[in-house]
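Student: build me a structure from this.
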Amino acid sequence: MPPKSPRKPVPRGIAHSGPVILAYGFRPFFLAAGIWAVLAMALWVAALAAGLGIGGSYGGPAWHAHEMLFGYTSAALAGFLLTAIPNWTGRLPVSGRPLALLVLAWLAGRLVLMAPDLIGLPLAILVDAAFLPLLFAVCLREIVAGRKWRDLKVLAGVGALGLANIGFHALVVWGEDPGLASRLAVGAYIMLISIIGGRIVPSFTRNWLAKRHVVELPASYGRFDTLALLAGLAALALWAFAPNHYLTAIACLAAALLHAWRLARWQGWRTGAERLVLVLHLAYGFVPLGFLAVALVPFELAEQAAALHVFTIGAIGLMTLAVMGRATRGHTGLPLTAPPLTVASYGLLLLSALLRPAAALLPDHYLRLIELSGLFWMLAFALYLAEYAPALLTRRKARPE
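Tutor: Purely as a prediction, here's the structure:
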């Protein structure tokens, strides 16, 4: 039997014809995520400060929660998956018309939910609910075609998000608290960060340290990592369905300790000279911090909303911002180092992640701290757009010689 020829590397920056914005999944979706992160938060802050009506009969608070969990974050997730899956499978990335249709499906959901009563709430919900199943189907096709069966576990998170989105809508329509669906969605994102972050954080750290001839490198994936993932999954499931139970507190405390030790094994403190790597460790650090905050809730030492925002702004927001910046730089041929504007965006989002939970501790300044947190969130993503929108729209990575 003749030897198998080595698999060709996936071309970067393709396609080299047609609109640049549709050449690769990260381009339209990271741009959309950055714009919506600013616009959706601006609308919510205006609703809080000036009584701006948003979301129609869906309700302003429900609209805000939905658009942070299933609007901004689903765009960032789509951009990452449509860029990472070609690396995993060796197949060409989704581009051109199929990519444009996915982007339009996401955009349609954002538009109809801003004023759902214009077309009727049921139809608006159907339009919004279509995006995640479409993303799931496209990613499933690519993974199956590439026979990368171990990567199907990532799609479990996308499927869970699609179900959580439908559940969120159902609870809002029924006049119930959508907290259960919110926690399920946050739990799905935290598991995706735990799984994917467990690949990219130590990998990028190892590569950076190896170039500097550092001997002690991040620990490779092993049984301990599997234990941390399973403990996190159990804790998140308990939190979703029994957020105030003492068993949830015990499980979340155990998960916090395991994920903190997992992070320590990746040698993040050695990466201070390169903020593009360091921020990945800081973002993952909010995973154990989030578990710890959730563990304090049953003992009335933390508010449920404050604990949830440790996960959403800290872990999910900072990790998506970090990955969006790094992927944009890498796939458009920019140097893999963090310039001042990028570092400033990280700092602003860290402040946002700290201020939002702190609002519960300072009730006299509650609304002002929430507004400041929202302002810093918007500034962080505005800086991302200022730095990277030109590259996303126009810059193609040079063809290899």
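Student: max-length helix in this protein?
Tutor: Scanning the chain for the helix with the most residues, using DSSP state H, yields helix 179-211.
Student: for that helix, which positions count as buried?
Tutor: When burial is assessed from 16 or more other C-beta atoms under 10 Å, helix 179-211 yields the following buried residues: 179-198, 200-202, 204-206, 208-209. For the C-beta atoms, the positions are set from N, CA and C on the backbone; glycine is no exception.
Student: please apply the same query to stretch 103-114.
Tutor: Residues 103, 105, 106, 109, 110, 112, 113, 114 are the ones in stretch 103-114 that count as buried (16+ other C-beta under 10 Å).
Student: next: stretch 116-129.
Tutor: For stretch 116-129, a neighbour-count test (16+ other C-beta under 10 Å) marks 116, 121, 124, 125, 127, 128, 129 as buried.
Student: for residue 91, state which of those is nearest.
Tutor: Nearest to residue 91 among the buried residues of stretch 116-129: residue 129, at 27.6 Å, using C-beta to C-beta.
Student: would you agree the closest one is in contact with residue 168?
Tutor: No. Contact between residue 129 and residue 168 fails when scored by C-beta atoms under 8 Å: they sit 9.6 Å apart.
Student: on the three-state scheme, residue 285 is what?
Tutor: Recorded secondary structure, residue 285: helix (DSSP: H, G, I helix; E, B strand; the rest coil).
Student: that one and residue 245, how far apart?
Tutor: The gap separating residue 285 from residue 245 is 26 Å, by C-beta to C-beta, to the nearest Å.
Student: higher neighbour count, the two?
Tutor: Between residue 285 and residue 245, counted using other C-beta atoms under 10 Å, residue 285 has the larger neighbour count: 18 against 14.
Student: who are the contact partners of the nearest residue to that one once chain neighbours are set aside?
Tutor: Setting aside the residues directly before and after it, residue 285 is nearest to residue 263 in space (C-beta to C-beta, 6 or more residues apart in numbering), at 6.0 Å. Taking C-beta atoms under 8 Å, 6 or more residues apart in numbering, we find residue 263 in contact with 281, 284, 285, 287, 288.
Student: quick check, nearest of those to residue 58?
Tutor: For the contacts of residue 263, the closest approach to residue 58 (C-beta to C-beta) belongs to residue 287, at 30.3 Å.
Student: model confidence score at the closest one, please.
Tutor: With respect to pLDDT, residue 287 scores 98.
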